[in-house]
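[1] the sequence and its predicted three-dimensional model are supplied below.
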Amino acid sequence: MKSHLSRRSVIGRISAAVAGVLAAPVAKAAKAVAQKVLVTTDMPKDYHPTQHKWVMAIDANRCIGCGFCAEACKKENHVPEGPYFRTWVERYIITKPKPGSGAARGETLVDCPNGGINGYPEAPVPKEEIQHSFFVPKLCNLCQHSPCVQVCPVGATFDAPDGAVLIDPNYCIGCGFCIQACPYGCRFLSPVTKTAEKCTLCYHRITRGLKPACVEVCPTQARIFGDLKNAKPDDPILQFYQNNLVVALKPHLGTEPRLFYAGIDKEVR
Amino acid sequence: MPPQLFRIFLLAVGIVGAYSVARYFLTPPSFGEYGWYRGAALAELATRDRVYAGKKACEECHSDEYEKLLKHEHKSLACESCHGPGQAHGKDPRKDNIEKSSFAVCLRCHEANPSRPKWHKQIVIKNHYTGSKCTECHVPHSPSEVP
């Protein structure tokens, strides 16, 4: 009988009673410990995602197809070698119609060797047969109704409050649904991380007050970047909207892109 | 209550209880901060290291070249357009961790191409020059100058 009242059992019972009384705070403390594993980093100082609305715009009239943007994007974001791009530059060539064919336009030829980084081969048709030719930089279209976000089965991709469409690499299971859903082909499955990747608008740069890498290196300012919530009237992004007639890609899909283009032809998809 | 029903009821309570406990402990603290996702993901993406330093960082040491560049046609170019990423060079300024820029870089923009806009200055290199140093006749930081 003595064993029932040993020091150990008495202490044990007392602590059990205390634990019972303090169950809620203890659970909270335990939760905090458990979640230390899940917590990682804080935002850069003075950056509040709800106080910005970033957007990019493309003035294709100014694009000279140098490919600096695609190259800078690869380097800045450590995009894997090979056919993986977060931004790239397509060359459109629209040929003249055959004489007497009654058509207004000829064929549309599009190419984009290595994202445009190494330049373009000579045009596949002689210069005299080209009706129109131009370069179109492509990237995430910053949709307001993003199909890629809607299809993600684990909620790993989301519309950030500051306008970027981002992927949480810790949650992405690499199923590839978003890659199929994006009508603009702006996502890929990284062979390195095995997760989906896409343009983040260089989130690590814009949150520190820098421009995205592609905008930074663009020699002709064909890419315009700005913060719609904090834009002054002479901000280049507002000037762009004011001075150009703009279009969005594939408007019939209802994705409501926030990325607008100026100076592209109807053939661009 | 029949015992079999009571056991099913107990089992249901157990499952729901276990789920609630797991959810309580395993939901990331930042979940729901901005929306139906982990808010900390934003901070994780925001704190990555950068590779390109930005034009302002170059100005700190190279203000003379920076000022010169701003006065001429190449004013819209970033330093890193031609010289490549400079974050490493900014942290540890050495000659071997920044590109010198070259002939090939000039041609990336100025080689004639029917797809390029007409306002852009272009040359057909084989008709224009046969050497390999554009800087013999042009100053990249102030293109209107003659060396």
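    Cool, the structure landed.

[2] and for residue 91, the neighbour number?
    Using chain A. Using other Cβ atoms under 10 Å in any protein chain shown, A:Arg91 has 23 neighbouring residues. Placement of C-beta: from N, CA and C, glycine included.

[3] that's the wrong chain, I wanted chain B
    For B:Lys91, using other Cβ under 10 Å, the count is 10.

[4] from chain A, how far out is it?
    Using Cβ to the nearest Cβ, to the nearest Å, B:Lys91 is found at 15 Å from chain A.

[5] and the pLDDT for that residue?
    B:Lys91 carries a pLDDT value of 92.

[6] list the contacts for the nearest residue to A:Gln150 once chain neighbours are set aside?
    Once flanking residues are discounted, A:Gln150 sits nearest to A:Ala181: 7.2 Å by Cβ to Cβ, 6 or more residues apart in numbering or on different chains. Contact analysis of A:Ala181 by Cβ atoms under 8 Å, 6 or more residues apart in numbering or on different chains lists A:Pro147, A:Cys148, A:Gln150, A:Val151.

[7] so where do the helices sit in the stretch 151-269 of chain A?
    Assigned by DSSP state H, counting those that start in this stretch, the helices in the stretch 151-269 of chain A fall at A:177-181, A:203-206, A:213-217, A:236-243.

[8] can you tell me the closest non-neighbouring residue to residue 116?
    Went with chain A since none was named. That would be A:Val89: by Cβ to Cβ, 6+ apart, it lies 3.5 Å from A:Gly116.

[9] ah, no, chain B please
    A:Ile64 (5.0 Å).

[10] lowest-confidence helix or strand of chain A?
    helix A:23-36 (a mean of 77; mean pLDDT, DSSP states H and E).

[11] after that helix, which helix or strand is next? Please name it.
    strand A:54-59 (DSSP states H and E).

[12] and that following strand, anywhere near chain B?
    No: Strand A:54-59 is not in contact with chain B by Cβ under 8 Å from any Cβ of the partner chain; minimum separation 10.3 Å.

[13] angle of that strand against helix A:236-243?
    50 degrees (axes from the mean of the first three to the mean of the last three Cα atoms, to 10 degrees).

[14] any idea which helix or strand carries the residue nearest to A:Gly116?
    Going by DSSP H and E, A:Val89 is part of strand A:88-95.

[15] restricting to C-alpha, output that strand in PDB.
    Provided in PDB are the C-alpha atoms of strand A:88-95 (Å, rounded to 0.1, in the frame of the first residue of the first chain):
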ATOM      1  CA  TRP A  88      10.800  34.900 -73.200                       C
ATOM      2  CA  VAL A  89      10.600  36.900 -76.400                       C
ATOM      3  CA  GLU A  90       8.700  35.600 -79.400                       C
ATOM      4  CA  ARG A  91       9.300  36.700 -83.000                       C
ATOM      5  CA  TYR A  92       6.200  37.100 -85.100                       C
ATOM      6  CA  ILE A  93       6.500  37.300 -88.900                       C
ATOM      7  CA  ILE A  94       3.400  37.900 -90.900                       C
ATOM      8  CA  THR A  95       3.900  37.300 -94.600                       C
END
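
[16] which neighbouring elements make contact with the helix or strand just after that strand?
    Once strand A:88-95 ends, the next helix or strand along the chain (criterion: DSSP H and E) is strand A:108-111. Judged by 3 or more Cβ pairs under 8 Å, 6 or more residues apart in numbering or on different chains; DSSP states H and E, the packing partners of strand A:108-111 are strand A:88-95.

[17] average pLDDT for the strand it packs on?
    97.

[18] which elements pack onto that strand?
    Checking 3+ Cβ pairs under 8 Å, 6+ apart, strand A:88-95 ends up next to helix A:68-76, strand A:108-111, strand A:130-138.

[19] OK, contacts around the closest residue to A:Phe188 other than its chain neighbours?
    Once flanking residues are discounted, A:Phe188 sits nearest to A:Tyr84: 4.9 Å by Cβ to Cβ, 6+ apart. Neighbouring residues of A:Tyr84 by Cβ under 8 Å, 6+ apart: A:Phe188, A:Ser190, A:Pro191, A:Glu197.

[20] please redo it, this time with the cut-off set to 10 Å
    Shown in contact with A:Tyr84 (Cβ atoms under 10 Å, 6 or more residues apart in numbering or on different chains): A:Lys74, A:Gly115, A:Phe188, A:Leu189, A:Ser190, A:Pro191, A:Val192, A:Glu197.

[21] ok, A:Ala70 next?
    Applying Cβ under 10 Å, 6+ apart, the residues near A:Ala70 are A:79, A:85-89, A:112, A:114-118, A:137-139, A:214, A:217.

[22] chain B: helices as residue ranges?
    Applying DSSP state H to chain B gives helices spanning B:3-26, B:40-46, B:55-59, B:63-70, B:79-83, B:87-91, B:103-110, B:125-128.

[23] of all those, which one comes closest to B:Glu145?
    Across the helices of chain B, B:Glu145 has its closest neighbour in helix B:63-70 (9.1 Å, Cβ to Cβ).

[24] the least confident helix or strand of chain A near chain B anywhere?
    Yes: for helix A:23-36, a contact with chain B is found by Cβ under 10 Å from any Cβ of the partner chain, at A:Ala27, A:Lys28, A:Ala30, A:Lys31, A:Ala32, A:Val33, A:Ala34, A:Gln35, A:Lys36.

[25] skipping adjacent residues, who's closest to the fourth one in space?
    Same thing as A:Lys31. B:Phe25 (5.5 Å).

[26] pretty sure that neighbour sits against A:Lys36.
    No: counting by Cβ atoms under 10 Å, B:Phe25 does not reach A:Lys36; the two are 11.7 Å apart.

[27] looking at those two, which is more packed in?
    Between B:Phe25 and A:Lys36, counting by other Cβ under 10 Å, B:Phe25 is the more crowded of the two (15 against 10).

[28] what pLDDT does the more buried one get?
    90.

[29] residues touching it, list them.
    Contacts of B:Phe25 (Cβ under 10 Å, 6+ apart): A:Ala27, A:Ala30, A:Lys31, A:Ala32, A:Val33, A:Ala34, A:Gln35, A:Leu38.

[30] surely B:Glu67 and B:Glu59 touch.
    Yes: using Cβ under 10 Å, B:Glu67 is in contact with B:Glu59, at 8.6 Å.
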